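Asker: the sequence isn't on hand, but the structure is:
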């Protein structure tokens, strides 16, 4: 999202602005039930930029991600050579461009320590914008983007929707996307996307304190009638509780795990596909869950994925390890063997060359112990709580091996939840279950 510059006019924020588009944008901002918006920005796209994004989207359809186990796609050798020649961090640490699997790994700690060193020498610095992340993994970060790259999220969201038979059409006078949050404080705004022909794109906070009247939330969303809602399990739980009548084409969830129980409840409530997208601030959207439930299909065609074990060695197909990525679409942050900290296995489909993430888990695994000291992997915990409509949860094991599960969710059968966890940790486990109104941003699994 482009940084707010209060000295800019809407015409400067939107090079393709028309009188009709300006009237529509003012209507989004000044609707009688609109929230108290606290931010202003624009897509800053001119006609050549829109044409480039559309050509890039056509390339996603024409050449989907494809390679065989251990194989290097043809584009990756050239990309690696570019990184080593033009990016200070890789030039200093990269080694030989021809030996891709000998190149060193890097991670968020490297990026947080000297973000500037990952920006290429020939990057268009006059286009730079920053996206700040809070650093729940211990590394707060300002991620550099360009306005054009930021708008390339939209083709990837459309690609995710189309996997599930939905679409994102946009068009003048229409609200394409409503990004819903549920936080005490966050940026909120109404903007236009000229990649989507001037369609509206709003970011709103469903916390009642962000509105003049709590009832305005449903009224405003029904008036906008967005094609797609984006958000996370927490904000979608709040959205489902509102008397919203309009029916979107899809809900797209990211940022945290979406349990099948909540996914099914949301699909019933809104009568549309609910799509889980795996995305990071550094890469943008990476993969979307496949309709047949066989894993997450890759969305980008120039993002290479490796699965590595704890020693950095490649895992065979079907073996879980850490997700490591190279490539991407952000000219300010080309990634070369970047460790995400998330885990999955890689499956290549019936044709042996259609990579898909299976068993995706955010962050590195945490191993718990039952009352007798037997090990329990956090992946087993995730599987145990899958049937429950939890929008967010944390499990912490204390030094005495007792456990505290805190969760957000409506209508959760805590007795059944306890039985599910005792099936893992045994009936002698000391387990406290606490329902919380708000958990903020937390580590999902921790152990003292």
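Answerer: That came in fine, so what should we check first? What you are looking at is a predicted structure, and each value in this text was computed from that prediction instead of being measured.
Asker: and the strands in the stretch 251-400 of the chain?
Answerer: Per DSSP state E, counting those that start in this stretch, the stretch 251-400 of the chain has strands spanning 274-280, 284-289, 296-298, 303-308, 321-327, 335-347, 356-361, 367-369, 375-377, 392-397. These are given in chain order.
Asker: closest to residue 182 out of those?
Answerer: Ranking the strands of the stretch 251-400 of the chain by distance to residue 182, with Cβ to Cβ as the measure, places strand 392-397 first at 10.2 Å. For glycine as for every other residue, the C-beta is placed from the backbone atoms N, C-alpha and C.
Asker: ok, residues contacting that closest one?
Answerer: 233-234, 256, 368-369, 378, 381, 385, 403-409, 439, 442-448 (Cβ atoms under 8 Å, 6 or more residues apart in numbering).
Asker: please pick the buried ones from those residues.
Answerer: Judged by neighbour count, with 16 or more other Cβ atoms under 10 Å as the criterion, the buried members of these are 233-234, 256, 368, 378, 381, 385, 403, 405-409, 444-445.
Asker: and of these, the nearest to residue 427?
Answerer: For residue 427, the closest of the buried ones among the contacts of strand 392-397 turns out to be residue 403, at 13.1 Å, with distances computed as Cβ to Cβ.
Asker: returning to what we had before: most packed of the strands of the stretch 251-400 of the chain?
Answerer: Burial among the strands of the stretch 251-400 of the chain, expressed as mean neighbours by mean count of other Cβ atoms under 10 Å, is greatest for strand 284-289, which shows a mean of 25.
Asker: the inter-axis angle of it versus strand 303-308?
Answerer: 70 degrees (axes from the mean of the first three to the mean of the last three Cα atoms, to 10 degrees).
Asker: other residues contacting strand 284-289?
Answerer: Contact with strand 284-289 is made by 149, 152-153, 156-157, 159-160, 163-164, 254, 275-280, 295-300, 303, 305, 325, 328-330, 356-357, 360, as judged by Cβ under 8 Å, 6+ apart.
Asker: ok, it: who's next to it in the sheet?
Answerer: Strands adjacent to strand 284-289 in the sheet, as given by DSSP bridges, are strand 274-280 (antiparallel), strand 296-298 (antiparallel).
Asker: so which of the ones you listed is nearest residue 264?
Answerer: strand 274-280 (8.1 Å).
Asker: circling back: let me have the strands paired with strand 284-289 in a markdown table, extended by distance to residue 238 and mean pLDDT.
Answerer: Output for the strands paired with strand 284-289, formatted as a markdown table (distance: least, Cβ to Cβ, whole Å; pLDDT from 0 to 100):
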| stretch | distance to residue 238 | mean pLDDT |
| --- | --- | --- |
| strand 274-280 | 15 | 95 |
| strand 296-298 | 25 | 96 |
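Asker: in a markdown table: the ones you listed, plus distance to residue 109.
Answerer: Conversion of the strands paired with strand 284-289 to a markdown table gives the following (distance: least, Cβ to Cβ, whole Å):
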| stretch | distance to residue 109 |
| --- | --- |
| strand 274-280 | 15 |
| strand 296-298 | 25 |
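Asker: just so I know, which of these lies nearest residue 193?
Answerer: Comparison of those against residue 193 by Cβ to Cβ identifies strand 274-280 as nearest, at 18.0 Å.
Asker: in JSON lines, list the strands of the stretch 251-400 of the chain along with distance to residue 132.
Answerer: Output for the strands of the stretch 251-400 of the chain, formatted as JSON lines (distance: least, Cβ to Cβ, whole Å):
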{"stretch": "strand 274-280", "distance to residue 132": "14"}
{"stretch": "strand 284-289", "distance to residue 132": "16"}
{"stretch": "strand 296-298", "distance to residue 132": "26"}
{"stretch": "strand 303-308", "distance to residue 132": "23"}
{"stretch": "strand 321-327", "distance to residue 132": "21"}
{"stretch": "strand 335-347", "distance to residue 132": "19"}
{"stretch": "strand 356-361", "distance to residue 132": "25"}
{"stretch": "strand 367-369", "distance to residue 132": "32"}
{"stretch": "strand 375-377", "distance to residue 132": "33"}
{"stretch": "strand 392-397", "distance to residue 132": "22"}
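Asker: ranking those by mean pLDDT, which is last?
Answerer: Set side by side, those differ in mean pLDDT, and strand 375-377 is lowest with a mean of 77.
Asker: and that one, how far out from the chain's middle?
Answerer: With Cα atoms, centre = their mean, to the nearest Å as the basis, the distance from the averaged C-alpha position of strand 375-377 to the chain average is 27 Å.
Asker: output the contacting helices and strands for it.
Answerer: Applying 3 or more Cβ pairs under 8 Å, 6 or more residues apart in numbering; DSSP states H and E, we find strand 375-377 packed against strand 367-369.
Asker: in helices only, show me the contacts of strand 392-397.
Answerer: 233, 234, 378, 381, 385 (DSSP state H).
Asker: residue 216 and residue 398, how far apart?
Answerer: Here the distance between residue 216 and residue 398 works out to 43 Å (Cβ to Cβ, to the nearest Å).
Asker: of the two, which one has the most company?
Answerer: Neighbours per residue, other Cβ atoms under 10 Å: of residue 216 and residue 398, the larger number sits with residue 216, 18 against 13.
Asker: tell me who's in contact with the more buried one.
Answerer: Under the criterion of Cβ under 8 Å, 6+ apart, the contact list for residue 216 reads 33, 34, 35.
Asker: between those, which is nearest residue 195?
Answerer: Of all those, residue 195 sits closest to residue 34, with 23.6 Å by Cβ to Cβ.
Asker: gap between the closest one and residue 27?
Answerer: Computed as Cβ to Cβ, the residue 34 to residue 27 distance reads 9 Å.
Asker: look at these two and report which has more neighbours.
Answerer: Set residue 34 next to residue 27 and count neighbours by other Cβ under 10 Å: residue 34 wins out with 21 against 15.
Asker: can you verify my assumption that that one contacts residue 25?
Answerer: No: proximity of residue 34 to residue 25 does not meet the contact threshold set by Cβ atoms under 8 Å, at 11.7 Å.
Asker: need the residues touching each of these two.
Answerer: Where contact means Cβ under 8 Å, 6+ apart, the residues bridging residue 34 and residue 25 through contact with each are residue 190.
Asker: point out where the stretch 101-250 of the chain drops to low pLDDT.
Answerer: 133-140, 184 (pLDDT under 70).
Asker: got the end-to-end distance for stretch 109-122?
Answerer: Chord length of stretch 109-122, first to last residue, is 24 Å (Cα to Cα, to the nearest Å).
Asker: still on that earlier bit, redo the ones in helices among the contacts of strand 392-397 as TSV? Include distance to residue 52.
Answerer: Written out in TSV, the entries for those read as follows (distance: Cβ to Cβ, whole Å):
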residue	distance to residue 52
233	34
234	35
378	42
381	44
385	43
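Asker: of these, which is the nearest to residue 93?
Answerer: Among the ones in helices among the contacts of strand 392-397, residue 378 lies closest to residue 93 (Cβ to Cβ), at 31.6 Å.
Asker: many thanks, I have nothing further to ask.
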